[in-house]
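Participant: any chance you can model this:
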Amino acid sequence: MSLVIREMALDEVGLIIDYFHGSPPEHLETLGVDPTRLPTRQAWRVRYVEGYDKAIQDRSTLLVIWMLDGVGIGFSAADKIVYGDEANMHLHVVDAQRRGSGIGSACVRETGVLNYHLAVTRWCLKATGPPAGSAPADRSAGT
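Facilitator: As a prediction, this is how the structure comes out:
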């Protein structure tokens, strides 16, 4: 088993776009994503192309792909980046069968190391919802 964590290449951003456009609305709801508000696939790709043209310290997003045995199983997206200070990191395991298996924990450790060039001192981690098989949290009770 070979786990590789690296910056996502521009020609791999389809993994993210396909993940969101291909996920059932119920899964997107656990992420706090309204599927009716997703950008079109084309508009999303254009946004990434524009971002990849910038130097890393000038980007609004930094994407990292998680590869297991040569297959993309997940990704992280750093956004709200304040270069040299803080950023949010969103973590997604795209293979539903692997959610809750612990693979995300291994990936996030390596992702943090990879993002050293942002000189971030504080990360705000944004998990992607409950592990597979668990019920969504009851948000009405303030949880």
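
Participant: how deep is Gly104 tucked in, by neighbour count?
Facilitator: 22 (other CB atoms under 10 Å). The way it works is simple: take the backbone N, C-alpha and C, and place the C-beta from them, glycine included.

Participant: and if you look at the one 4 residues further on?
Facilitator: Each residue near Val108 was counted by other CB under 10 Å, and the total is 20.

Participant: tell me the spacing between the closest residue to it other than its chain neighbours and Glu7.
Facilitator: Leaving aside its sequence neighbours, Val108 sits nearest to Leu91 (CB to CB, 6 or more residues apart in numbering; 5.7 Å). Distance from Leu91 to Glu7, counting by CB to CB, to the nearest Å: 15 Å.

Participant: who has more neighbours out of those two?
Facilitator: Comparing Leu91 with Glu7 by other CB under 10 Å, the one with more neighbours is Leu91, at 19 against 14.

Participant: so that one, which state does it fall into?
Facilitator: Following DSSP: H, G, I helix; E, B strand; the rest coil, we place Leu91 in the strand state.

Participant: so which residues of this structure form strands?
Facilitator: With DSSP state E, the ranges of strands along the chain come out as 3-7, 61-68, 71-82, 86-93, 122-126.

Participant: alright, I will stop here.
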